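Q: Got a predicted structure here, sequence first:
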Amino acid sequence: MKRLEGRVALVTGAASGIGAATAHRLAAEGAAVMLTDIQDEAGELVAKDVVDHGGRASYLHHDVSSQDEWQSAVDRTLETYGRLDILVNNAGMGDLATIEDTTLEDWQRTIGIDQTGVFLGMKTAAEALKTSGHGSVVNISSIFGTSGGFGTSPAYHAAKGAVRTLTKNVALHWAPEGVRVNSIHPGFIDTPILDQAKGTEFEQAMIALTPLARLGRPEEVAAGVAYLASDDAAFVTGLELYIDGGFMAR
């Protein structure tokens with residue numbers, strides 16, 4: 001059964017990792033998917049792969065920190081597919097800097113992508129989601145939106161914490177109009193954002209702190225997105241879904 005047949009999704013940060021896996025999963029569930037990213041070559045390849053596997057997908061260059069580019073992304077989605085039912089705010093970035101080493105420029109760039117990008121996405125897509133009849137927003141936060149982690153990456157933690165509470169705020173605001181808004185909080189997932197940690201003590205620490213004793217897979221997060229986007233989650237809004245191998249259970 002394809003739970004998302006006839007629906008249209010916009011997925012940011014879809015050129016790799018969780019975003020690419022989400023695009024594939026939503027398409028497999030029947031949705032048409034507008035993939036966006038700033039990594040154009042990789043994004044085009046993901047869209048082509050979705051189509052080659054029988055799905056419907058398009059790719060668009062999209063800097064999520066830009067209000068104008070958000071408007072273009074929503075407009076293009078409506079022009080291409082006629083509607084917008086599902087918004088997945090996945091685009092993000094991170095680093096391993098400490099508070100002392102984080103420059104103002106680095107701070108503002110991370111906040112602009114990881115936090116402001118989510119705000120702009122929901123603001124710009126609001127009317128389309130309200131008229132959908134199946135409006136669902138899935139904001140990708142992090143375990144570090146709730147936990148202080150390793151004491152590094154202060155901008156990332158600040159942004160993801162803001163996404164966590166912003167999700168709840170908008171969920172309450174849109175509940176009377178039937179638009180559901182939920183956040184997913186991945187743990188340590190084997191994606192390009194962790195490439196800088198591969199083979200280091202940091203990677204060993206991530207695995208040691210995860211009760212299931214491994215890194216997660218992007219497809220496991222995508223499964224959670226598909227659930228929250230579907231009518232199986234019709235009575236679910238304002239939820240924090242942790243897909244973290246047990247990290248937050250400690």
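A: Received it, and whenever you're ready, just let me know what you need. Numbers count the residues shown, from 1 in each chain.
Q: what's the next secondary structure element after the lowest-mean-pLDDT helix or strand in the chain?
A: When the helices and strands of the chain are scored by mean pLDDT, DSSP states H and E, helix 201-208 comes last with a mean of 90. Sequence-wise, the next helix or strand downstream of helix 201-208 (DSSP states H and E) is helix 218-229.
Q: by contact count, what packs against that next one?
A: helix 17-28, strand 86-89, strand 136-140, strand 180-186, strand 240-243 (3 or more CB pairs under 8 Å, 6 or more residues apart in numbering; DSSP states H and E). To be clear about C-beta, it is placed using only N, CA and C from the backbone, and glycine gets the same treatment.
Q: where do the helices sit along this protein?
A: Here the chain has its helices, by DSSP state H, at 17-28, 40-52, 67-81, 104-111, 117-132, 154-174, 201-208, 218-229.
Q: who's in contact with the residue most central in space within the chain?
A: Most central in the chain under CA atoms, centre = their mean is Asn90, positioned 2.1 Å from the mean C-alpha point. Residues in contact with Asn90 (CB atoms under 8 Å, 6 or more residues apart in numbering) are Val11, Thr12, Gly13, Ala14, Ile18, Gly19, Thr22, Ile140.
Q: do you know how far it is from Ala23?
A: 9 Å (CB to CB, to the nearest Å).
Q: got it, and Thr80?
A: 15 Å.
Q: now do Ile99
A: Taken as CB to CB, the span from Ile99 to Ala23 is 35 Å.
Q: now swap in Val33 and tell me
A: Per CB to CB, Val33 is found 5 Å from Ala23.
Q: any residues in contact with both of these two?
A: Ala9, Val11, Ala14, Ala47, Val50, Ala57.
Q: rewinding a little: just say which of the helices and strands packed on helix 218-229 is most tucked in.
A: strand 86-89 (a mean of 29; mean count of other CB atoms under 10 Å).
Q: for the record, mean pLDDT for that strand?
A: Confidence over strand 86-89, taken as the mean pLDDT, stands at 99.
Q: repeat for stretch 96-113
A: 97.
Q: Show the buried residues in the shared contacts of Val33 and Ala23.
A: Ala9, Val11, Ala14, Ala47, Val50, Ala57 (16 or more other CB atoms under 10 Å).
Q: so Gly13 touches Ala23, yeah?
A: No: between Gly13 and Ala23 there is no contact under CB atoms under 8 Å: 10.0 Å.
Q: count of residues packed around Glu203?
A: Glu203 has 16 neighbouring residues, counting by other CB atoms under 10 Å.
Q: ok, now how distant is the residue lying closest to it once chain neighbours are set aside from Leu215?
A: Distances taken as CB to CB, 6 or more residues apart in numbering place Ala197 nearest to Glu203, at 4.8 Å, with adjacent residues excluded. Going from Ala197 to Leu215 by CB to CB gives 10 Å.
Q: before we move on, what about Leu172?
A: 34 Å.
Q: Ok, Asn89 next?
A: Applying CB to CB to Asn89 and Leu215 gives a distance of 23 Å.
Q: Equivalent analysis for Asp101, please.
A: Taken as CB to CB, the span from Asp101 to Leu215 is 25 Å.
Q: neighbour-wise, which of those two wins?
A: Neighbour count, other CB under 10 Å: between Asp101 and Leu215, Leu215 has more, with 18 against 11.
Q: contacting residues around the more buried one?
A: Applying CB under 8 Å, 6+ apart, the residues contacting Leu215 are Phe188, Ile189, Asp190, Leu194, Glu203, Met206, Ile207.
Q: which of these lies closest to Glu5?
A: Ile189 (27.7 Å; CB to CB).
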